[in-house]
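Student: Next input, structure requested:
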Amino acid sequence: MQSSTPKVLQTLAGNSLLGHVLDCAQSLQPAKISVVYGHGAEKVLTAFKDKTIQWVLQSPPQGTGDAVKQVFHANGEAESSKDLMLVLYGDVPLIQKQTLLDLIELAKKDTLSLLTQTITDPKGYGRIVRDKQGKIRGIVEHKDASAEQRLICEVNTGIVCAPSKRLRHWVAKLSNDNEQSEYYLTDIAALAVEEGVEVVSSSPTLEWEAQGINDQWQLAQLERQWQRHLAKEMLIQGIAIIDPDRIDIRGKLYAEKDVRIDLGCVFEGEVYLRSGAQIGPYCVIKNSDIGERSQIKAFTHIEQAKIGPHNQIGPYARVRPGTVTAEEVHIGNFVEIKNSEIGKKSKANHLAYVGDTQVGKEVNLGAGVITCNYDGANKHQTIIGDGAFIGSNSQLVAPVTIGSGATIAAGSTIVADAPANQLTLSRAPQRTVASWTRPSKKT
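Tutor: Numbers count the residues shown, from 1 in each chain. Take a look at the predicted model:
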């Protein structure tokens with residue numbers, strides 16, 4: 001990958017490659033998940049320290065067959081005759097649950113089950129060798145394949161499932177007598193055939209889901225394929241996505257009917273778009289809930305917030321964690337809201353900062369209004385009552401309360417509570433200096 005980050009920690013759709021594989025494996029509810037690791041061990045172990053995983057060190061790396069052998073060494077003689085082992089790969093991130101369930105079902109019949117695929121360019125893949133009756137007789141790695149065998153387009157994905165006792169027996173018999181001096185897991189197919197065990201195959205549901213990653217170009221291609229797959233599923237469900245090639249879903253996106261998503265949007269974590277929500281171009285929304293028929297205008301960033309129904313947010317707004325807005329709220333261009341509750345029909349239409357604030361109903365925050373919530377050591381709260389009017393370029397120095405119906409004159413710095421239904425202002429007297437002369441540039 002030409003990177004200091006181990007390959008399995010490279011990200012795709014907001015999750016690491018290995019993270020995708022582990023999530024899929026966990027969805028199968030296995031008795032145990034074992035991860036064989038080697039390169040980048042410390043970083044990989046740290047990244048998944050909270051996962052319930054059996055970590056098995058392979059040192060030195062001696063091939064896929066040896067990797068599986070190390071798992072058996074780590075587990076002793078624990079498996080029963082009914083136990084199955086499924087072998088997955090940390091750099092094959094998008095394998096799907098149903099594909100694996102189909103493979104597992106085949107292995108229950110005391111077979112060696114291989115996930116195979118027919119592709120137009122099989123270079124680099126192990127070839128599936130079949131007899132005249134179509135039965136699998138073995139797998140030949142590309143580097144060891146004859147010219148005739150390299151014409152075969154059915155390839156091995158590497159993903160296999162088999163009874164654990166049989167798999168333990170086969171990997172113990174593997175030889176490293178090959179060009180790479182490695183123990184190939186693929187050689188178990190020929191061993192199974194020799195012992196009269198049927199070798200069967202199934203194919204992925206989606207043609208790209210068994211695709212492995214070996215460089216940044218392949219990673220970028222698979223990212224786009226996955227994003228287009230997600231977009232297609234949503235389009236079929238009736239979600240309007242203006243350009244399915246220009247959307248990024250890095251987590252889970254839940255959208256209801258009549259949602260419209262313009263081009264270039266990024267969704268991270270868990271995002272909910274309620275009925276009729278409109279997302280403008282180039283918005284970034286992370287772990288948030290966008291209310292019914294709300295309009296999120298272009299270039300707006302929203303993170304860990306709950307946007308109420310019929311809101312207008314943006315363009316160029318930033319809504320930070322802890323923000324909750326009620327109905328018909330307007331947050332305009334270059335307005336930043338953080339950890340605040342904004343009441344029904346309240347407005348901050350431009351160039352304002354509202355942090356750690358409780359804003360009542362029908363409040364107007366003028367241009368340039370700032371709630372000064374941080375004293376250099378601690379955060380403090382501002383409370384603004386219903387119907388208050390905060391004039392442009394005013395600073396509210398927390399902790400402070402602005403009463404309901406109060407008016408704060410433009411350009412004021414408010415350091416004490418302002419009473420309800422009254423005008424409060426804080427300004428230096430205006431004066432004009434008649435004798436003043438504007439400086440001129442020296443020659």
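Student: Would you map the strands across the stretch 51-200 of the chain?
Tutor: Counting by DSSP state E, counting those that start in this stretch, the stretch 51-200 of the chain forms strands over residues 54-57, 84-87, 112-118, 127-130, 136-140, 154-163, 199-202, given from the N-terminal end onward.
Student: mind putting these in a markdown table, distance to residue 297 included?
Tutor: Yep, even glycine has a C-beta here, placed from its N, CA and C like the rest. Conversion of the strands of the stretch 51-200 of the chain to a markdown table gives the following (distance: least, C-beta to C-beta, whole Å):
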| stretch | distance to residue 297 |
| --- | --- |
| strand 54-57 | 47 |
| strand 84-87 | 47 |
| strand 112-118 | 44 |
| strand 127-130 | 53 |
| strand 136-140 | 55 |
| strand 154-163 | 45 |
| strand 199-202 | 48 |
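Student: Can you lay out those as a markdown table showing mean pLDDT, distance to residue 97 and mean neighbour count?
Tutor: Listed next are the strands of the stretch 51-200 of the chain as a markdown table, based on pLDDT from 0 to 100; distance: least, C-beta to C-beta, whole Å; neighbours: other C-beta atoms under 10 Å:
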| stretch | mean pLDDT | distance to residue 97 | mean neighbour count |
| --- | --- | --- | --- |
| strand 54-57 | 94 | 21 | 14 |
| strand 84-87 | 96 | 12 | 20 |
| strand 112-118 | 95 | 13 | 23 |
| strand 127-130 | 93 | 24 | 20 |
| strand 136-140 | 90 | 24 | 21 |
| strand 154-163 | 94 | 13 | 23 |
| strand 199-202 | 94 | 14 | 20 |
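Student: what's the closest of these to residue 403?
Tutor: Of all those, strand 54-57 sits nearest to residue 403, with 60.7 Å by C-beta to C-beta.
Student: Okay, domains of the chain per the record?
Tutor: Here the domain parsing of the chain from automatic domain parsing is 7-202, 216-424.
Student: rank the ones you listed by pLDDT, which is bottom?
Tutor: Of all the domains of the chain, the segment with the smallest mean pLDDT is domain 7-202, scoring a mean of 92.
Student: that older thread, for residue 343, which of the strands of the stretch 51-200 of the chain is the nearest?
Tutor: Nearest to residue 343 among the strands of the stretch 51-200 of the chain is strand 54-57; the distance by C-beta to C-beta comes to 51.3 Å.
Student: isn't residue 252 right up against residue 270?
Tutor: Yes - counting by C-beta atoms under 8 Å, residue 252 sits close enough to residue 270 to count as a contact (4.9 Å).
Student: Identify the contacts common to those two.
Tutor: Listed contacts common to residue 252 and residue 270 are nil; contacts here mean C-beta atoms under 8 Å, 6 or more residues apart in numbering.
Student: what residues are up against the residue nearest to residue 139 when sequence neighbours are not counted?
Tutor: Across the structure, with C-beta to C-beta, 6 or more residues apart in numbering as the measure, the residue nearest residue 139 apart from its sequence neighbours is residue 186 (3.9 Å). In this structure, residue 186 makes contact with 64-65, 126, 139-141, 156, 158, judged by C-beta under 8 Å, 6+ apart.
Student: try it again with 10 Å
Tutor: 63-65, 114, 126-128, 138-141, 144, 156, 158, 160, 174 (C-beta atoms under 10 Å, 6 or more residues apart in numbering).
Student: What of residue 87?
Tutor: The contact partners of residue 87, taken as C-beta under 10 Å, 6+ apart, are 34, 36, 64, 67-68, 71, 115, 158-162, 167, 185, 188.
Student: bridging residues for it?
Tutor: Residue 87 has the following beta-bridge partners by DSSP bridges: residue 160.
Student: separation between it and residue 2?
Tutor: Relative to residue 2, residue 87 is positioned 27 Å away (criterion: C-beta to C-beta, to the nearest Å).
Student: Could you do residue 335 as well?
Tutor: Computed as C-beta to C-beta, the residue 335 to residue 2 distance reads 41 Å.
Student: Show me what counts as buried in stretch 256-273.
Tutor: Neighbour-count burial for stretch 256-273 flags 258-262, 264-268, 271-273 (criterion: 16 or more other C-beta atoms under 10 Å).
Student: With secondary structure and distance to residue 365 added, can I get those residues in a markdown table?
Tutor: Listed next are the buried residues of stretch 256-273 as a markdown table, based on DSSP: H, G, I helix; E, B strand; the rest coil; distance: C-beta to C-beta, whole Å:
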| residue | secondary structure | distance to residue 365 |
| --- | --- | --- |
| 258 | coil | 31 |
| 259 | coil | 29 |
| 260 | strand | 28 |
| 261 | strand | 29 |
| 262 | coil | 27 |
| 264 | coil | 29 |
| 265 | strand | 27 |
| 266 | strand | 28 |
| 267 | strand | 28 |
| 268 | strand | 28 |
| 271 | strand | 27 |
| 272 | strand | 27 |
| 273 | strand | 26 |
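Student: where do the helices sit along this structure?
Tutor: Counting by DSSP state H, the segments of the chain that form helices are 17-27, 41-47, 64-75, 97-107, 164-172, 188-194, 216-236.
Student: With respect to residue 345, which of those helices lies nearest?
Tutor: helix 216-236 (31.9 Å).
Student: Which secondary structure elements does the closest one sit against?
Tutor: If contacts are counted by 3 or more C-beta pairs under 10 Å, 6 or more residues apart in numbering; DSSP states H and E, helix 216-236 sits against strand 11-12, helix 17-27, strand 240-241, strand 247-255, strand 260-261.
Student: Count the residues that sit near residue 441.
Tutor: For residue 441, the number of neighbouring residues by other C-beta atoms under 10 Å comes to 4.
Student: now do residue 438
Tutor: Neighbouring residues of residue 438 were enumerated by other C-beta under 10 Å; the total is 4.
Student: Residue 172 now?
Tutor: When counting by other C-beta under 10 Å, one arrives at 11 neighbours for residue 172.
Student: Quick check: chain neighbours aside, which residue is closest to it?
Tutor: Leaving out its chain neighbours, the residue that sits closest to residue 172 by C-beta to C-beta, 6+ apart is residue 69, at 6.9 Å.
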